[in-house]
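Novice: when you get a sec, could you give me coordinates for this:
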Amino acid sequence: MPKYAVVEVSGGNNDLNAGFGGKFVWIEPNWTTSPESAIGGLKVVTSDDSIPGLENLAQGTEGPYR
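Specialist: Below you'll find the model as predicted:
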């Protein structure tokens, strides 16, 4: 796990692929001092189908698209 990986707020596993197989996937921030470049939140979306324009973080797993 990267040293500064984003922590799952409800105490779950920080690895987005935990329990699904495939490669380890963590979210690691890139810090900025510019409010215009920053994000205000983060949400992981799961779907049975791919979503055009989004990368599948679960590629190579048996689970849903993430």
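Novice: what residues sit buried inside stretch 19-28?
Specialist: Across stretch 19-28, burial judged by 16 or more other Cβ atoms under 10 Å covers 22, 25-27. Just so you know, the C-beta spots here come from the backbone N, C-alpha and C atoms, and that holds for glycine as well.
Novice: oops, could you answer that again for stretch 47-59 instead?
Specialist: Here stretch 47-59 shows 57-58 as buried, counting by 16+ other Cβ under 10 Å.
Novice: all helices of this protein, in order?
Specialist: Taking DSSP state H as the criterion, the chain contains no helices.
Novice: tell me where it is predicted with low confidence.
Specialist: Scanning the chain for pLDDT under 70 picks out no residues.
Novice: distance of residue 66 from residue 38?
Specialist: 23 Å (Cβ to Cβ, to the nearest Å).
Novice: do residue 1 as well
Specialist: Distance of residue 1 to residue 38, computed by Cβ to Cβ: 23 Å.
Novice: circling back to that earlier point, closest to residue 34 among the buried residues of stretch 19-28?
Specialist: For the buried residues of stretch 19-28, the residue nearest residue 34 by Cβ to Cβ is residue 27; the value is 19.6 Å.
Novice: thought residue 17 was touching the closest one, still the case?
Specialist: No. Between residue 27 and residue 17 no contact is recorded; they are 11.8 Å apart, counting by Cβ atoms under 8 Å.
Novice: name the nearest residue to residue 7, sequence neighbours excluded.
Specialist: Nearest in space to residue 7, with sequence neighbours left out and distances taken as Cβ to Cβ, 6 or more residues apart in numbering, is residue 14 at 6.0 Å.
Novice: same question for residue 62.
Specialist: residue 21 is the one closest to residue 62 (Cβ to Cβ, 6+ apart), at 5.8 Å.
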